[in-house]
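In: heads up, no residue letters with this:
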């Protein structure tokens, strides 16, 4: 993991933030023209460790993989506001940040590396919001934008789930983080996947209910396990700030409408939405595709057929490999 | 509100429970044959006050309304385990109860009133589970069963949401109740309804985000208001016990399969499911209808067209009025 120290930044909120550290990792080699760099943008709870053992996208990033590190110089920065090496909140005195702020810091980092234009910016979920923001705010700084399982703005329902997660943390810090993770996990997976994987099976193949308040069902103990594990791996303040940034992301509000938002983009866009994603549904990606079509701009779209819901792009999927290969 | 004191009850868990009080309300007059009684079964958070000012089903119950109290003697009992007049937990030393236990207490109450057979048992959500249980456990004690927005068993996804709500309360009692209510409310409404009613509108028509951690969006303050109000109106222990009873309800597990479950029923069944209910989807009601069809038993089914999601049956709806009239 390497670090970049940015200049003080003026945030979307109007506040200023100085002494920003950005933790990042790279794979592959930057060519002489500095034209083969790909930036990967991560989700709310991930980090800069996209590839290699335990990397969150190791299925897709590496030598001769879909994102081929023998051809591309691949970077992943831990976002501003996170707790995985980059500057983030250690209290609620930290200013509220936005997706644009995260991208401004990434942009400064890329420029510092002497890269004027990225070959591609790729990300899923909150990472897709960053990819879109690159295309809208720095249109000359990328040739290809691949937002996956993304939306131009959260639905009201997704706003509600986000608010509940934050409320849990606001009340009870690390215990709240357990709850927020349990809720997040439930909404990131599809109902069908949950039914297929856990059904109503009881813990330890018990023959009957416990008739007490322990976890009876496998789904209950699975969620509790995930929540408890997460409590030790993530910071409650970071969760609050990143969740807020996601709720604030709204291209329609920011630009007036989607056609205006994409009016100045010059990159190719390739949207990938997941068939079973009920939190960031396919229709949301198609709204953006429609805006680009109406603008006469080049755009591709694919539905990723996966039963796994919103988190489907994080798992090994041959179709996603092929889509990424064809895009690059 | 009247009260009935039941004999000690042997619960599904094997525990015994004595000195059970059942709070109930009635409307209309019991005829000489005692053949015109209708039992209404309420949801997790409701009470025996179904009709009259602030009654939870006043749109449907009253003189010349769909459930006509000039013709029928209508009863509603507060369920065992609740906190609205009937016996319920005041600590976690209370034994875990099931839907069958609730119905056993209702049955004792009805018998005490000298009613051998109910004209109908009607209920939505958890109330529908009670109506079904009447038909399966006391087949001779009712002529018509109307389960609304119901399921033979919660889906894995619904189990997950229930577990998260209980976890919140387990950790933090009344603060947890706020969260559990916020989550419940979100899942009881449809995504489209939330979008139509609240969209991404800001509080007090503010022109921009606050850039702090107050509630920015109307949906956030609405949920927080609902949760906070609920905290003073309901008991955290009751919520835990009723939520657990709902999670435990599983006709497939209890009887082996749905055809076996309905094998001994003699009542007419009329299932009503709500088009926009994603928590207890239409397909769940249709599974039960299919089992009854395969058994050659009389059954009717209707989809209630409502944009309001699972809670749609609690709101005024002309189609639901007509369906109830035609059923009765």
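Out: Received the coordinates, thanks. Only a predicted model underlies this, so the values are computations on that prediction, with no experimental measurement involved.
In: Might you calculate how far stretch A:83-102 sits from the centre of the chain?
Out: Remark: stretch A:83-102 is offset 15 Å from the chain centroid, using C-alpha atoms, centre = their mean, to the nearest Å.
In: Stretch A:20-39 too?
Out: 19 Å.
In: Show me which positions of that stretch end up buried.
Out: When neighbours are counted by 16 or more other C-beta atoms under 10 Å in any protein chain shown, the buried residues of stretch A:20-39 are found to be A:20, A:22-28, A:30, A:36-39. (Glycine included, C-beta is placed from N, CA and C.)
In: Endpoint to endpoint, it covers what distance?
Out: 19 Å (C-alpha to C-alpha, to the nearest Å).
In: re earlier: any idea which of the buried residues of stretch A:20-39 is closest to chain B?
Out: The nearest member of those to chain B, counting by C-beta to the nearest C-beta, is residue A:20 at 17.6 Å.
In: dump the residue contacts of that closest one.
Out: If a contact means C-beta atoms under 8 Å, 6 or more residues apart in numbering or on different chains, then residue A:20 has A:5-6, A:8-9, A:80, A:86-87, A:105 as its contacts.
In: Pull the most distant pair out of those.
Out: Maximum pairwise distance in the contacts of residue A:20, criterion C-beta to C-beta, is 15.2 Å, between A:8 and A:86.
In: Can you pick out the residue with more neighbours from the two?
Out: Neighbour totals were compared for residue A:8 and residue A:86, and residue A:86 leads with 26 against 9 (other C-beta atoms under 10 Å in any protein chain shown).
In: correct me, but that one touches residue A:78?
Out: Yes - taking C-beta atoms under 8 Å as the definition, residue A:86 is a contact partner of residue A:78 at 4.1 Å.
In: Identify the contacts common to these two.
Out: With the criterion set as C-beta under 8 Å, 6+ apart, the overlap between the contacts of residue A:86 and residue A:78 is A:22-23, A:48.
In: Just put those in CSV and tack on pLDDT, distance to chain B and secondary structure.
Out: Compiled in CSV, the shared contacts of residue A:86 and residue A:78 are given as follows (pLDDT from 0 to 100; distance: C-beta to the nearest C-beta, whole Å; DSSP: H, G, I helix; E, B strand; the rest coil):
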residue, pLDDT, distance to chain B, secondary structure
A:22, 95, 22, strand
A:23, 96, 25, strand
A:48, 97, 26, coil
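In: Show me what from the stretch 51-200 of chain A comes close to chain B.
Out: Contacts of the stretch 51-200 of chain A with chain B, taken as C-beta under 8 Å from any C-beta of the partner chain, map to A:92, A:95-96, A:153-157, A:159-161, A:163-164, A:166-168, A:170-172, A:175, A:178-179, A:182-183, A:186, A:191, A:194-195, A:197-200.
In: In helices, which of those residues fall?
Out: By the criterion of DSSP state H, membership of those in helices covers A:156-157, A:159-161, A:163-164, A:166-168, A:170-172, A:175, A:178-179, A:182-183, A:186, A:191, A:194-195, A:197.
In: thinking again about what came up before, from the residues of the stretch 51-200 of chain A next to chain B, which would you call buried?
Out: Burial by neighbour count, 16+ other C-beta under 10 Å: within those this picks out A:95-96, A:153-157, A:159-161, A:163-164, A:166-168, A:171-172, A:175, A:178-179, A:182-183, A:186, A:191, A:194, A:198, A:200.
In: how about the helices in chain A?
Out: Remark: helices assigned in chain A by DSSP H are A:99-112, A:126-137, A:156-188, A:191-197, A:218-231, A:236-248, A:251-255, A:258-261, A:282-294, A:318-327.
In: what residues does the first one touch?
Out: What it means is helix A:99-112. Everything outside helix A:99-112 that qualifies as a contact, by C-beta under 8 Å, 6+ apart, is A:4, A:6-7, A:9, A:11-12, A:17, A:20, A:22, A:24, A:37, A:39, A:41, A:75, A:77, A:79-81, A:86, A:118, A:126, A:129-130, A:133-134, A:137-138, A:141, A:245-246, A:248-249.
In: again, only using 7 Å
Out: Taking C-beta atoms under 7 Å, 6 or more residues apart in numbering or on different chains as the criterion, the residues outside helix A:99-112 that touch it are A:4, A:6-7, A:9, A:11-12, A:20, A:22, A:24, A:39, A:77, A:79-81, A:118, A:129-130, A:133-134, A:137-138, A:141, A:245, A:249.
In: That concludes my questions; thank you for your assistance.
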